[in-house]
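Participant: pasting the structure only:
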């Protein structure tokens with residue numbers, strides 16, 4: 001995302017540069033093209049004013065010779081023809097300058113057109129990159145949201161696992177405590193059984209000692225017989241003694257068996273308790289190990305939770321960056337569209353100017369050729385005029401000269417009507433401002449000398 005943000009910043013700078021370049025082009029193009037057009041207009045106006053001046057001069061001269069007697073044979077029009085030729089050459093020069101200015105302004109317009117197109121291509125490239133980055137940002141945002149959702153799911157799962165394992169730990173801890181209590185109780189029972197077994201063992205030993213004293217037992221049996229025999233003599237006392245001795249021996253033998261059985265029972269209980277205690281010890285050890293394992297899992301899950309939370313913040317930051325980037329891209333694309341719109345407006349205007357200037361160049365060239373043709377006729381006619389000749393010859397030349405002046409005047413009149421329209425107003429165009437035709441005033445002093453006064457042929461005798 002940081003790389004895209006950096007690239008978007010570069011595009012922003014590029015678009016800013018394009019807008020500034022376009023604004024500079026608009027200003028400089030208007031200045032340059034308008035300057036060239038001013039030159040065209042100035043040259044055309046000079047030619048136009050000279051045309052009017054020449055027409056006025058020629059018309060005045062033709063009016064003067066109308067009142068000259070025998071003008072056809074006496075008036076020499078060669079100076080006026082030469083003067084007209086020279087002035088027509090000046091008009092041709094003005095029109096040539098206008099054409100050169102028109103050609104120069106055409107090239108200037110083309111240069112600016114290409115520069116504007118270059119700006120348009122840069123804007124298109126920037127716009128395409130913005131669209132590409134916009135799609136990439138949307139993709140990255142989607143990935144970040146998916147990862148964030150997955151992270152949240154895993155986070156909830158991990159937390160539930162932690163709760164589950166903590167519950168198991170509590171259960172195992174309680175079970176282990178119960179086993180320890182049971183072990184303590186069994187150990188106490190075991191100790192009691194040991195004590196009872198010890199007492200039983202002592203009693204057994206005591207009975208054994210009594211059993212060893214069998215002689216006493218035999219004697220008791222003999223005494224019993226004697227007591228029975230002596231009963232008549234002792235009045236029954238000996239018989240009672242015999243019975244008592246026999247019963248005592250039977251009771252003691254029975255108690256010995258009971259103690260033996262009780263001792264065996266205690267020994268079996270001790271063995272069972274010992275086994276159960278061992279199992280309890282192993283169960284407690286297993287529970288402690290399981291508790292340790294579960295605690296390790298809890299620590300692992302806690303670390304996973306911290307990692308997920310950290311990733312969650314990272315993804316959230318990326319999503320926020322993506323939102324900002326999308327906003328910046330949308331703004332820049334709007335600027336690109338605006339700049340492209342300006343380019344799209346500028347190119348037709350420049351083409352319109354170029355077409356107008358091309359048409360002006362063609363028309364100026366045509367008018368220049370017309371004037372140049374008239375000037376050539378004047379030059380050739382003046383060069384072929386004889387210095388002296390017959391009256392008939394002079395009259396014919398006079399009529400030709402007069403007709404030539406009239407034709408030249410008609411040509412100039414047509415050109416005068418067309419010159420103001422050679423450079424047409426292209427309307428409201430940001431690159432060009434055409435001044436009104438009447439805004440420039442050229443004084444008569446700029447138009448050269450007046451047409452020569454009426455001249456007459458010198459009188460020369462016939463040979």
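Facilitator: Happy to help now that I have it. Keep in mind it's a predicted model, so treat the numbers as computed, not measured.

Participant: and the contacts of stretch 182-191?
Facilitator: Stretch 182-191 is contacted by residues 269, 270, 273, 274, 276, 277, 280, 281, 284 when judged by CB atoms under 8 Å, 6 or more residues apart in numbering. (C-beta placed from N, C-alpha, C; glycine too.)

Participant: and it, how far out from the chain's middle?
Facilitator: The chain centre lies 77 Å from the centre of stretch 182-191; the measure is CA atoms, centre = their mean, to the nearest Å.

Participant: hey, where'd the strands end up in this protein?
Facilitator: All strands of the chain, identified by DSSP state E, fall at 75-76, 455-456.

Participant: select, out of the ones you listed, the one closest to residue 299.
Facilitator: Comparing the strands of the chain against residue 299 with CB to CB, the closest turns out to be strand 455-456 (126.5 Å).

Participant: list the helices and strands the closest one packs on?
Facilitator: Contact here means 3 or more CB pairs under 8 Å, 6 or more residues apart in numbering; DSSP states H and E; on that basis strand 455-456 packs against strand 75-76, helix 78-212.

Participant: mind doing that once more with 10 Å?
Facilitator: Strand 455-456 makes packing contacts with helix 71-74, strand 75-76, helix 78-212 when contacts are defined by 3 or more CB pairs under 10 Å, 6 or more residues apart in numbering; DSSP states H and E.

Participant: please identify the deepest-packed of those.
Facilitator: Across these, averaging neighbours per residue (mean count of other CB atoms under 10 Å) puts strand 75-76 on top, at a mean of 20.

Participant: in space, what's closest to the residue nearest to the spatial centre of the chain - neighbours in sequence excluded?
Facilitator: Centroid-nearest residue in the chain: residue 133, 4.0 Å away (criterion: CA atoms, centre = their mean). Counting by CB to CB, 6 or more residues apart in numbering, the nearest residue to residue 133 once its immediate chain neighbours are dropped is residue 4, at 5.3 Å.

Participant: measure that neighbour to residue 63 for me?
Facilitator: Between residue 4 and residue 63 the computed distance is 85 Å (CB to CB, to the nearest Å).

Participant: ok, residue 144 next?
Facilitator: For residue 144, the distance to residue 63 (CB to CB) stands at 95 Å.

Participant: mean pLDDT and distance to residue 409 added to the helices and strands packed on strand 455-456, as JSON lines?
Facilitator: Formatted as JSON lines, the helices and strands packed on strand 455-456 follow (pLDDT from 0 to 100; distance: least, CB to CB, whole Å):
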{"stretch": "helix 71-74", "mean pLDDT": "74", "distance to residue 409": "17"}
{"stretch": "strand 75-76", "mean pLDDT": "78", "distance to residue 409": "17"}
{"stretch": "helix 78-212", "mean pLDDT": "81", "distance to residue 409": "9"}
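
Participant: wait, which of these is closest to residue 46?
Facilitator: helix 78-212 (4.7 Å).

Participant: grab the nearest non-local neighbour of residue 176.
Facilitator: Distance criterion CB to CB, 6+ apart; nearest residue to residue 176, sequence neighbours excluded, is residue 287 at 4.2 Å.

Participant: what about the one you found, neighbour count?
Facilitator: The criterion is other CB atoms under 10 Å. On that basis, residue 287 has 20 neighbouring residues.

Participant: quick one: residues contacting it.
Facilitator: Residue 287 makes contact with 169, 171, 172, 173, 174, 175, 176, 177, 179, 180, according to CB atoms under 10 Å, 6 or more residues apart in numbering.

Participant: so who does the fifth one touch?
Facilitator: Residues in contact with residue 174, defined by CB under 10 Å, 6+ apart, are residue 287.

Participant: which of residue 4 and residue 63 has more residues huddled nearby?
Facilitator: Each of residue 4 and residue 63 had its neighbours counted (other CB under 10 Å), and the higher figure belongs to residue 4 (18 against 9).

Participant: ok, the more buried one touching residue 137?
Facilitator: Yes. Shown here, residue 4 and residue 137 form a contact pair, counting by CB atoms under 10 Å, at 6.0 Å.

Participant: any of the contacts of stretch 182-191 buried? List them.
Facilitator: Those of these that meet the buried threshold are 269, 270, 273, 276, 277, 280, 284, by 16 or more other CB atoms under 10 Å.

Participant: columns pLDDT on top of the residues you listed, output as TSV?
Facilitator: Formatted as TSV, those follow (pLDDT from 0 to 100):
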residue	pLDDT
269	71
270	70
273	71
276	76
277	74
280	73
284	74
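
Participant: just checking, which of those belong to helices?
Facilitator: The helices, defined by DSSP state H, take in 269, 270, 273, 276, 277, 280, 284 from the buried ones among the contacts of stretch 182-191.

Participant: per-residue pLDDT, the residue nearest to residue 176?
Facilitator: What the model reports as pLDDT for residue 287 is 76.

Participant: cool, and residue 59?
Facilitator: Per-residue pLDDT puts residue 59 at 90.

Participant: give the contact list for the residue lying closest to it once chain neighbours are set aside.
Facilitator: Nearest-residue entry for residue 59: residue 409, 6.7 Å, with adjacent residues in sequence omitted and distances by CB to CB, 6+ apart. Residue 409 makes contact with 51, 54, 55, 56, 57, 58, 59, 62, 84, 374 under the criterion CB under 10 Å, 6+ apart.

Participant: redo those as TSV? Include distance to residue 128.
Facilitator: Shown next, in TSV, are these (distance: CB to CB, whole Å):
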residue	distance to residue 128
51	56
54	61
55	62
56	64
57	66
58	66
59	67
62	71
84	65
374	59
